[in-house]
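Engineer: Here is a sequence with its predicted model. Questions after.
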Amino acid sequence: MMYPKTVLPNGLRIVSASMPEMESAAIGIWMAAGGRYESARSCGISHFLEHLIFKGTQTRTTRQIKEAIEGVGGSMNAFTDVEYTCVYARVPVKQLALTLNVLMDMTLHSKLGASDIERERQVILEEIKMYQDMPMQHVQDLLSTLMWPRHPLGMYLAGTPQSVRQIRRKNLVEYRDRFYTPANMVIAAAGPVSHRMLAEQIQKTFSKIRSGKVQRFRRAAGRQSRPRVHCAVKETEQTHLSIGFSAFPRNHPQVHGLNLLHIILGGNMSSRLFHQVREVRGLAYDIGTQVRRYADTGAFTVSAGVEHKKFLKALRVILEELKKIRSNSISREEFERGREFYTGQLSLMLEDTIDHMLWIGESEMALGVIHPLSFVFESLKKTKRSDVTEVARRVLNPSRLNLAVIGPLAPQIQRQAQAMLSWARP
């Protein structure tokens, strides 16, 4: 599948995926506005603005926005990430033009009313408390802070209570006017859509809007020479841990090797960590790995929730598996099984209009190019077992290991965990 692309004179990019067999269409408006564009003072403003675009425009109330989409059988949502914000909807294809009009109205003409701001401020403060009460989520935030200290990548996407309280309407207006501009936007659609008609409708609204400037962010520093540990002592039902290593940026030539390392080590129920930690030893219910991808850096993480008294044993087993895959080559069978899982998951994902829209929208926003699946599969075929081993040796470097833990950790347990990180060094 090829993905047609139109670029308006003001820089707005329009991409689409034709899925003629589908009954629904998904459309999303992407803005290069996320956590890493913020300062400590404005931390959380991208997320705050995302909330507020649902609270009414110059011509629609918040209820009218919801009824316009849900009243035709559709659904809508939005999310804020580290490098972008996206507002999107999925609707019957005959309602695509209406939906596009609503989404554009929300992003370009949000009212940002004073009462809405104050009401939503309280909602977000409660949301921050909710995340802090979810150790499985909060440990990821602590890990980010550990991996990127004093850097926007290490700040909380929702902000802190202090930063959220000091964001004012003028800050939100300035931020929207700076980031929600054609030069910083991508509109992506997937389904039985006509790219020509989509581009024509978008051009009617956007052609007279000034381009704005492409926004830049502060690049991540990659300096780390020894392991870092952060233990948050808290009464929880489980001890939650997350291990992180600096990894490759999004367009790195060894991205497939990194993805295969993730699948083999902790990406599914056939993975090494799931088998050893859960199936063989019964140390955790939830155990897995994740790859975070950014423009100039990335992270490879391992996360688990374990019984308090099993924390040290689980940590030891995880570190042993990391050391093992870093030191020894993987089997041909394991490699082929991981590669088949990788290709199968990509194919299944792109059967859904929402997932397909997210695929092309993120690709265009982050890379400026959308590779067809055939290109990805051909690149994957060229990846060798030795590539995965090389990636493991480069990424799973014990001197750049970061460990975040939340639980009722006695000082002795914390010291033992710290000592294990030296034990893991080859």
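Structural biologist: Alright, I've got the coordinates.
Engineer: Residue 254 contacts residue 391, doesn't it?
Structural biologist: Yes: contact status for residue 254 versus residue 391: in contact at 5.4 Å, counting by CB atoms under 8 Å. C-betas here are computed from N, CA, C, even on glycine.
Engineer: ok, the two, which is more surrounded?
Structural biologist: Each of residue 254 and residue 391 has its neighbours counted (other CB atoms under 10 Å); residue 391 has more, 26 against 18.
Engineer: In three-state terms, label that one for me.
Structural biologist: Assigned with DSSP: H, G, I helix; E, B strand; the rest coil, residue 391 falls in the helix class.
Engineer: from now on call the first residue 790
Structural biologist: New numbering, starting at 790: the last item is residue 1180.
Engineer: for the helix or strand of the chain with the lowest mean pLDDT, which positions count as buried?
Structural biologist: One helix or strand of the chain scores below all others by mean pLDDT, DSSP states H and E: helix 1200-1212, with a mean of 87. For helix 1200-1212, a neighbour-count test (16 or more other CB atoms under 10 Å) marks 1202, 1205-1206, 1209-1210 as buried.
Engineer: any idea which of these is closest to residue 956?
Structural biologist: Residue 956 lies nearest to residue 1206 out of the buried residues of helix 1200-1212, by CB to CB, at 37.1 Å.
Engineer: Can you give me the neighbour number for the residue nearest to that closest one when sequence neighbours are not counted?
Structural biologist: The shortest distance from residue 1206 to any non-neighbouring residue, by CB to CB, 6 or more residues apart in numbering, is to residue 1104 (6.0 Å). For residue 1104, the neighbour count with other CB under 10 Å is 25.
Engineer: Quick one: list the elements packing against the host helix or strand of residue 1104.
Structural biologist: When elements are assigned from DSSP states H and E, residue 1104 belongs to helix 1100-1116. Helices and strands touching helix 1100-1116, by 3 or more CB pairs under 8 Å, 6 or more residues apart in numbering; DSSP states H and E, are strand 1028-1036, helix 1061-1062, strand 1087-1095, helix 1174-1184, strand 1190-1196, helix 1200-1212.
Engineer: Can you lay out the ones you listed as a markdown table showing distance to residue 806?
Structural biologist: Shown next, in a markdown table, are the helices and strands packed on helix 1100-1116 (distance: least, CB to CB, whole Å):
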| stretch | distance to residue 806 |
| --- | --- |
| strand 1028-1036 | 28 |
| helix 1061-1062 | 34 |
| strand 1087-1095 | 25 |
| helix 1174-1184 | 29 |
| strand 1190-1196 | 37 |
| helix 1200-1212 | 45 |
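Engineer: quick revisit: give me the angle between the helix holding residue 1104 and strand 1087-1095.
Structural biologist: 140 degrees (axes from the mean of the first three to the mean of the last three CA atoms, to 10 degrees).
Engineer: what about helix 1100-1116, average pLDDT?
Structural biologist: Mean pLDDT, computed over helix 1100-1116, is 96.
Engineer: tell me the mean pLDDT over the next helix or strand after it?
Structural biologist: Downstream of helix 1100-1116, the next assigned helix or strand under DSSP H and E is helix 1121-1138. Across helix 1121-1138, the average pLDDT comes to 95.
Engineer: And stretch 1048-1059, by the same measure?
Structural biologist: 97.
Engineer: for it, which positions count as buried?
Structural biologist: Here stretch 1048-1059 shows 1048-1056 as buried, counting by 16+ other CB under 10 Å.
Engineer: which residues in the stretch 840-989 of the chain form helices?
Structural biologist: Applying DSSP state H, counting those that start in this stretch to the stretch 840-989 of the chain gives helices spanning 851-859, 885-898, 903-921, 924-936, 950-954, 958-968, 984-995.
Engineer: Now mean pLDDT and distance to residue 1122 too, for the ones you listed, in TSV please.
Structural biologist: Shown next, in TSV, are those (pLDDT from 0 to 100; distance: least, CB to CB, whole Å):
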stretch	mean pLDDT	distance to residue 1122
helix 851-859	96	48
helix 885-898	95	46
helix 903-921	97	40
helix 924-936	96	32
helix 950-954	97	50
helix 958-968	97	48
helix 984-995	94	43
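Engineer: Export those to JSON lines and append columns for distance to residue 1007 and mean neighbour count.
Structural biologist: Shown next, in JSON lines, are the helices of the stretch 840-989 of the chain (distance: least, CB to CB, whole Å; neighbours: other CB atoms under 10 Å):
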{"stretch": "helix 851-859", "distance to residue 1007": "34", "mean neighbour count": "15"}
{"stretch": "helix 885-898", "distance to residue 1007": "25", "mean neighbour count": "20"}
{"stretch": "helix 903-921", "distance to residue 1007": "23", "mean neighbour count": "14"}
{"stretch": "helix 924-936", "distance to residue 1007": "15", "mean neighbour count": "20"}
{"stretch": "helix 950-954", "distance to residue 1007": "17", "mean neighbour count": "16"}
{"stretch": "helix 958-968", "distance to residue 1007": "15", "mean neighbour count": "15"}
{"stretch": "helix 984-995", "distance to residue 1007": "29", "mean neighbour count": "16"}
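Engineer: Can you give me the neighbour number for the nearest residue to residue 900 once chain neighbours are set aside?
Structural biologist: Of all residues not flanking residue 900 in the chain, residue 845 sits nearest, at 4.7 Å (CB to CB, 6+ apart). Close neighbours of residue 845, defined as other CB under 10 Å, add up to 21.
Engineer: before we move on, what about the one 4 residues further on?
Structural biologist: The local packing of residue 849 (other CB under 10 Å) involves 19 other residues.
Engineer: Wait, it touches residue 892, no?
Structural biologist: No: at 11.3 Å, residue 849 does not count as touching residue 892 under the criterion of CB under 8 Å.
Engineer: Can you tell me how far the residue nearest to the spatial centre of the chain is from residue 819?
Structural biologist: With distances taken as CA atoms, centre = their mean, residue 870 lies nearest the centre of the chain, 5.5 Å away. Per CB to CB, to the nearest Å, residue 870 is found 10 Å from residue 819.
Engineer: And residue 889, by the same measure?
Structural biologist: On the measure of CB to CB, residue 889 and residue 819 end up 14 Å apart.
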